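Participant: please work out how this folds:
(one chain, ligands or ions: 2)
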Amino acid sequence: MPYNEIGDRMIVNGNEILIKAKMGKYAIPHFNINNLEWTRFILEECQEAKSPVILGVSEGAIKYMGGYKVVADLVKDLVKSLNITIPVVLHLDHGSSVEVAHNAIEAGFTSVMIDASKYDLATNIAMTKEVVKMAHEKNVSVEAEVGHIGGNEDGTSSSVAYAEVEDCTKFVSETNIDSFAPALGSVHGIYKGEPKLDFERMQKIANLTNLPLVLHGGSGIPDDMIKKAIQCGICKLNINTDLQIVWSNAVREFLKVDDAYDPRKIIKSGEASMKKTIRDKIDLLGSGNKI
Ligand code: G3H
Ligand code: ZN
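Facilitator: Numbering: from 1, shown residues only. Ligands and ions are numbered 1, 2, ... in the order given. Next comes the predicted model:
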């Protein structure tokens, strides 16, 4: 874990851990955070497993937690006070505009995703280039998306549009991004039936772009598909829904047998299940003991 000039631990940018993952053929878990407790549970379990981790924060979660600076300070202070020594990346998830990415960078995020995939390719490229320029000046890494990852995102539902290979090569060569999230058939939220991942396309894009690939919608994908995806070039798996499901199930069960009213007790009742799922994901991705 790097230290800054006054000896404080620092959170790192995505490149520090994704390039290693690509070379070692394993993947780094990206877990979305929603509050202080989730952040603590994730940091503690990843520390225990000695796994690097990417803490993803959506615009919705940033708003919920009180703003960019609150999130950045919370993560930095927890890393310090919990004595976390694994590499930790603070990542903006699905940033929808150049301004949102700017706000995250200014607040101290070490990695940003600009998701301009809903625009035409030329606009997506132009917006991404702008973010890359701004981010690289501050040693912040950039992820971007081509095609459309379907499913439920912030309450709206949409279908998958697989990324075209030619669009991907053009996009990557023109933008200078650090990691790449082409839509490959995964969806956000709960899958209806088997995920339809296009492994051939995944492998082709990995070979042609030579970048660490990111798979969004990482919850609910069968383990053998995840393993195959890692072999095809996936270096970062985004997981949100799986943690939400195990945590909320555990809390529901707890409240059936306990009439607790202290919010600390209620939130904590999901800790063990959440940590077990985090450990299972680390084992599946092969990111444990990789620091
Ligand atoms: O960006 C975040 C994710 O892609 C999470 O997707 O909720 O389906 O795990 P998920
Ligand atoms: Zn996503």
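
Participant: which positions in the stretch 151-291 of the chain make contact with ligand 2?
Facilitator: Of all the residues in the stretch 151-291 of the chain, those in contact range of ligand 2 (C-beta under 5 Å from the ion) are 216, 238. All C-beta spots, glycine's among them, are computed from the backbone N, C-alpha and C.

Participant: and the strands in the stretch 151-291 of the chain?
Facilitator: In the stretch 151-291 of the chain, the segments counted as strands under DSSP state E, counting those that start in this stretch are 156-158, 179-182, 187-188, 213-215, 234-239.

Participant: in a markdown table, list those strands along with distance to ligand 1 and mean neighbour count.
Facilitator: Listed next are these as a markdown table, based on distance: least, C-beta to the nearest ligand atom, whole Å; neighbours: other C-beta atoms under 10 Å:
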| stretch | distance to ligand 1 | mean neighbour count |
| --- | --- | --- |
| strand 156-158 | 13 | 11 |
| strand 179-182 | 8 | 27 |
| strand 187-188 | 4 | 24 |
| strand 213-215 | 8 | 28 |
| strand 234-239 | 3 | 27 |
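
Participant: where does the stretch 101-250 of the chain have low pLDDT?
Facilitator: Filtered on pLDDT under 70, the stretch 101-250 of the chain yields the residue ranges 153-156.

Participant: again, 90 this time
Facilitator: Filtered on pLDDT under 90, the stretch 101-250 of the chain yields the residue ranges 150-160, 192.

Participant: if we can go back for a sec, can I get the strands of the stretch 151-291 of the chain in TSV with distance to Ile11?
Facilitator: Formatted as TSV, the strands of the stretch 151-291 of the chain follow (distance: least, C-beta to C-beta, whole Å):
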stretch	distance to Ile11
strand 156-158	30
strand 179-182	16
strand 187-188	25
strand 213-215	18
strand 234-239	16
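
Participant: so which of these gets nearest Gly14?
Facilitator: With C-beta to C-beta as the measure, strand 179-182 is the member of the strands of the stretch 151-291 of the chain nearest Gly14 (5.9 Å).

Participant: which strands and helices sit next to the closest one?
Facilitator: Identification of packing neighbours for strand 179-182 by 3 or more C-beta pairs under 8 Å, 6 or more residues apart in numbering; DSSP states H and E yields strand 141-146, helix 165-175, helix 199-209, strand 213-215.

Participant: got a list of contacts for that strand?
Facilitator: For strand 179-182, contacts defined as C-beta atoms under 8 Å, 6 or more residues apart in numbering pick out 14, 18, 113, 141-147, 149, 163, 168, 171-172, 201-202, 205, 209, 211-216, 235-236.

Participant: please apply the same query to stretch 56-70.
Facilitator: Residues from elsewhere that reach stretch 56-70, judged by C-beta under 8 Å, 6+ apart: 30-35, 71, 74, 90-96, 100, 103-104, 106-109, 154, 238, 240.
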